[in-house]
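> after the sequence you'll find the predicted model.
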Amino acid sequence: MKQGNIGGQAVIEGVMLRSPQRQAVAVRTANGEIVTNASPLVPLARRWPVLGFPLIRGVVALYESLSGAVSSLAMSANLTDPQEQISPAQFAFVAVVSLALGIGLFFLLPVVLVNPLARWLGGSSLLLNLLESIVRILLFISYLLLVGLSRDIRRTFEYHGAEHKVISCWEQDKPLTAEAAAACSRLHPRCGTSFLLLVVILSILLFSLFSPPTLWVKLALRLALLPVLAGIAYEIIKWTAKSPSFIAKALLAPGLALQKLTTREPDASQLEVALAALAGVIDPGEE
């Protein structure tokens, strides 16, 4: 199996894939044509090597992924609907608002909901944080089930599945065809869904070490510790994706199960789009 260094995400009627060297967005337009836009990347760690150190690189990778997501979403929106052009700045604003709402809903709201129970739990910070995490997971799953009712979101989940399948196809040295990709799993160990779930699980232990009684201080600490959680989760995801050990498989299992909500089986036309994005990313010497 090839070294896993390609990731990506679903975009509007398409797929974005990125390696350390290149990013490519492939979109199927209204007339049925697949349009691909590929561009070189210069990782921040190449300019400042300190950003490639363990734990730090996870936060940097998250920033680079979010930056790539904003630009690729803006590009896909403009390609699928040329009548209404959206600038990257407008999408960046939407992304910042969405990120803030996501942090508020999935990380801060559970604290507010569970904190009044502190006096009934005998001051056990571990139990309190366990309840917070249960609330986070329930909110996250409920959100996924709710948005999954939308036809547009379901199509996005199908492209998400196509993204995973073509990456797996490439990593397993299979022919880069829609037929070969269709036989691959739509679940992938390095998926952002698994990353988010791992962040929630790790928060049970980390937040228990920093659990002041004052609600506002607790909320501030939750925000301050998010980069730490992201860095630790990134290192664990990298390890579990490569390790054949039982521990790695056990850590992967919950995230893979959750991906069944965030991915759908793609059709051949969607796999063709994902393969076009892959073709724009891979080094010809690696094919």
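Yep, that arrived.

> now the helix or strand where residue 235 lies: average pLDDT?
Per DSSP states H and E, residue 235 falls inside helix 215-242. Computed over helix 215-242, the mean pLDDT rounds to 89.

> next one: stretch 108-127
Mean predicted confidence for stretch 108-127 is 81.

> cool, and stretch 173-192?
pLDDT averaged over stretch 173-192 gives 94.

> also stretch 251-265?
For stretch 251-265, the per-residue pLDDT averages 93.

> list the buried residues of it.
Buried positions in stretch 251-265, judged by neighbour count with 16 or more other Cβ atoms under 10 Å: 251, 252, 255, 256, 258, 259, 261, 262, 263, 264. C-beta: built from backbone N, CA, C; applies to glycine.

> from the residues you listed, which single one is nearest residue 195?
Nearest to residue 195 among those is residue 255, at 7.5 Å by Cβ to Cβ.

> any idea how far residue 115 is from that closest one?
Shown here: residue 255 relative to residue 115, a distance of 27 Å by Cβ to Cβ, to the nearest Å.

> what count of nearby residues applies to residue 136?
24 (other Cβ atoms under 10 Å).

> and it, helix, strand or coil?
helix (DSSP: H, G, I helix; E, B strand; the rest coil).

> residues in contact with the most centrally placed residue in the chain?
The residue lying closest to the centre of the chain (Cα atoms, centre = their mean) is residue 192, at 2.4 Å. Neighbouring residues of residue 192 by Cβ atoms under 8 Å, 6 or more residues apart in numbering: 9, 65.

> need the CA coordinates for stretch 25-42. PDB is fine.
Taking Å, rounded to 0.1, in the frame of the first residue of the first chain, the C-alpha atoms of stretch 25-42 are listed here in PDB:
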ATOM      1  CA  VAL A  25     -10.700  20.400  -7.600                       C
ATOM      2  CA  ALA A  26     -12.800  18.500 -10.000                       C
ATOM      3  CA  VAL A  27     -16.500  19.500 -10.600                       C
ATOM      4  CA  ARG A  28     -19.200  18.200 -12.900                       C
ATOM      5  CA  THR A  29     -20.800  21.200 -14.500                       C
ATOM      6  CA  ALA A  30     -24.500  21.600 -15.500                       C
ATOM      7  CA  ASN A  31     -23.700  20.400 -19.000                       C
ATOM      8  CA  GLY A  32     -22.100  17.200 -17.800                       C
ATOM      9  CA  GLU A  33     -18.500  18.200 -18.400                       C
ATOM     10  CA  ILE A  34     -15.900  17.500 -15.700                       C
ATOM     11  CA  VAL A  35     -13.800  20.600 -15.100                       C
ATOM     12  CA  THR A  36     -10.500  20.200 -13.100                       C
ATOM     13  CA  ASN A  37      -8.400  22.900 -11.600                       C
ATOM     14  CA  ALA A  38      -5.000  21.900 -10.200                       C
ATOM     15  CA  SER A  39      -2.500  24.200  -8.500                       C
ATOM     16  CA  PRO A  40       0.900  23.700  -6.700                       C
ATOM     17  CA  LEU A  41       1.100  24.000  -2.900                       C
ATOM     18  CA  VAL A  42       3.900  25.100  -0.600                       C
END
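
> can you point out the buried residues in it?
25, 26, 27, 28, 34, 35, 36, 37, 38.

> ok, now how distant is residue 50 from residue 226?
Taken as Cβ to Cβ, the span from residue 50 to residue 226 is 20 Å.

> much appreciated, bye for now.
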